[in-house]
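Engineer: Next come a sequence and a model predicted from it.
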Amino acid sequence: MTISLQYYNTLLFNQTHPKQPQHPFISGLISGLVGASVVYPIDVVKTRMQNQNKSVDRLYKNGFDCCRQLWKQEKIRPFYRGCLTQLMGVGPEKAVKLFAYNYVVTNNENHFYSHLLGGLAAGTCQVFITCPYEMIKINLQMNKEINYLNLLNPKKMYTGTSACFLRDIPFSGIYFPTYWYLKDQQEFNPFVAGTMAGAPAAFLCTPADVVKTRMQTIKSHEVERVKILPTIHSIWKKEGFTAFWKGGGWRVLRSSPQFGVTLLVFEWLTWDKKK
């Protein structure tokens with residue numbers, strides 16, 4: 001959820017607030033689920049573009065060509081493969097992320113460094129939930145066959161953890177202080193601030209997201225855990241520097257609107273219709 005500490009606490013816990021919801025946490029969960037659902041097709045395109053090795057198996061000319069081919073094959077169905085897994089994980093992820101952020105920022109919410117440290121803590125904590133469900137989600141998006149008994153092995157389920165840390169810690173470290181600055185210091189509304197803060201955070205962390213996608217995509221007869229440095233070296237050697245920025249634009253198109261939609265739905269759900 002993309003809510004600053006002050007806004008979150010006021011909206012959820014101030015009993016005199018005109019938009020006080022009857023079930024604030026349910027409202028937050030629903031808004032998070034809606035935000036993830038709306039942008040999920042973009043996430044599918046992003047994953048497929050990142051996983052495409054232009055020197056070996058280039059299937060799509062660009063993201064729009066990917067959309068065209070997926071629609072031609074099975075209409076809407078491919079755009080929502082793995083969505084259920086995403087929705088099952090997004091609620092706990094947001095809860096852990098917000099708890100860590102709020103814990104660090106509490107009693108010191110007017111200082112930039114506090115929001116920076118809170119963001120870094122939030123990104124660190126979320127990885128333990130994010131990594132397993134993204135491991136499943138990515139392979140469903142790529143239409144790979146998954147042996148779920150195999151994935152009961154913690155080492156397998158947490159493949160790509162190092163790349164998740166490399167992506168999620170900087171992302172939250174950029175996002176939360178930027179959001180706080182735009183909303184509280186520049187007085188942008190939450191929708192605009194959330195959308196604007198999501199763009200640089202998403203784009204700058206694209207290389208780590210590409211590495212994570214490659215690490216988590218199951219290869220034929222793969223039995224050993226994939227490691228981050230060999231993956232980085234392989235991408236660099238075979239595809240060059242630009243490969244690390246694959247799907248960057250699509251990542252921004254997914255992340256920024258997701259934050260905006262989440263807040264928009266949350267506001268609607270918590271609006272006191274009797275006022």
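Structural biologist: Structure received. The model shown is predicted, which means the values in this text are computed figures rather than measured ones.
Engineer: all helices of the stretch 1-150 of the chain, in order?
Structural biologist: Using DSSP state H, counting those that start in this stretch, the helices of the stretch 1-150 of the chain run over 5-13, 24-50, 63-74, 83-105, 112-141.
Engineer: In TSV, list these along with distance to Gly248 and mean neighbour count.
Structural biologist: (Each C-beta comes from the backbone N, C-alpha and C, glycine too.) Below are the helices of the stretch 1-150 of the chain laid out as TSV (distance: least, Cβ to Cβ, whole Å; neighbours: other Cβ atoms under 10 Å):
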stretch	distance to Gly248	mean neighbour count
helix 5-13	29	17
helix 24-50	9	21
helix 63-74	11	14
helix 83-105	20	19
helix 112-141	17	22
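Engineer: Mind checking those for the one nearest to Arg251?
Structural biologist: helix 24-50 (5.3 Å; Cβ to Cβ).
Engineer: From the contact counts, what lies against that closest one?
Structural biologist: helix 5-13, helix 63-74, helix 83-105, helix 112-141, helix 206-216, helix 248-269 (3 or more Cβ pairs under 8 Å, 6 or more residues apart in numbering; DSSP states H and E).
Engineer: Contacts for stretch 197-212, please.
Structural biologist: With contact meaning Cβ atoms under 8 Å, 6 or more residues apart in numbering, stretch 197-212 is reached by 2, 50, 134, 160, 163-164, 166-168, 170-172, 174-176, 178-179, 182, 228, 231-232, 235, 243-249, 251-252, 254-256, 258-260.
Engineer: Can you give me the distance of the residue nearest to Ile232 when sequence neighbours are not counted to Pro257?
Structural biologist: Spatial nearest neighbour of Ile232, chain neighbours left out: Val211 (5.8 Å); criterion: Cβ to Cβ, 6 or more residues apart in numbering. Distance of Val211 to Pro257, computed by Cβ to Cβ, to the nearest Å: 24 Å.
Engineer: swap in Cys131?
Structural biologist: Relative to Pro257, and taking Cβ to Cβ, Cys131 is found at 24 Å.
Engineer: shaky segments in the stretch 151-275 of the chain?
Structural biologist: 219-225, 262-264, 266-267, 270-275 (pLDDT under 70).
Engineer: ok, which stretches of it are helices?
Structural biologist: Using DSSP H, counting those that start in this stretch, helices in the stretch 151-275 of the chain cover 154-157, 161-180, 190-204, 206-216, 228-239, 248-269.
Engineer: what helices or strands is the first one leaning on?
Structural biologist: Right, helix 154-157. Against helix 154-157 (3+ Cβ pairs under 8 Å, 6+ apart) you get helix 112-141.
Engineer: distance between stretch 115-135 and the chain's centre?
Structural biologist: 10 Å (Cα atoms, centre = their mean, to the nearest Å).
Engineer: In terms of packing, which of Val211 and Pro257 has more residues around it?
Structural biologist: Neighbour tally, Val211 and Pro257, criterion other Cβ atoms under 10 Å: the higher count belongs to Val211, 26 against 19.
Engineer: Give me the distance between that one and Tyr175.
Structural biologist: Counting by Cβ to Cβ - Val211 and Tyr175 are separated by 20 Å.
Engineer: Then Tyr60?
Structural biologist: 29 Å.
Engineer: Looking at those two, which has the bigger crowd around it?
Structural biologist: Tyr175 (26 against 17).
Engineer: Excluding chain neighbours, what is closest to the more buried one?
Structural biologist: Ala201 (4.1 Å).
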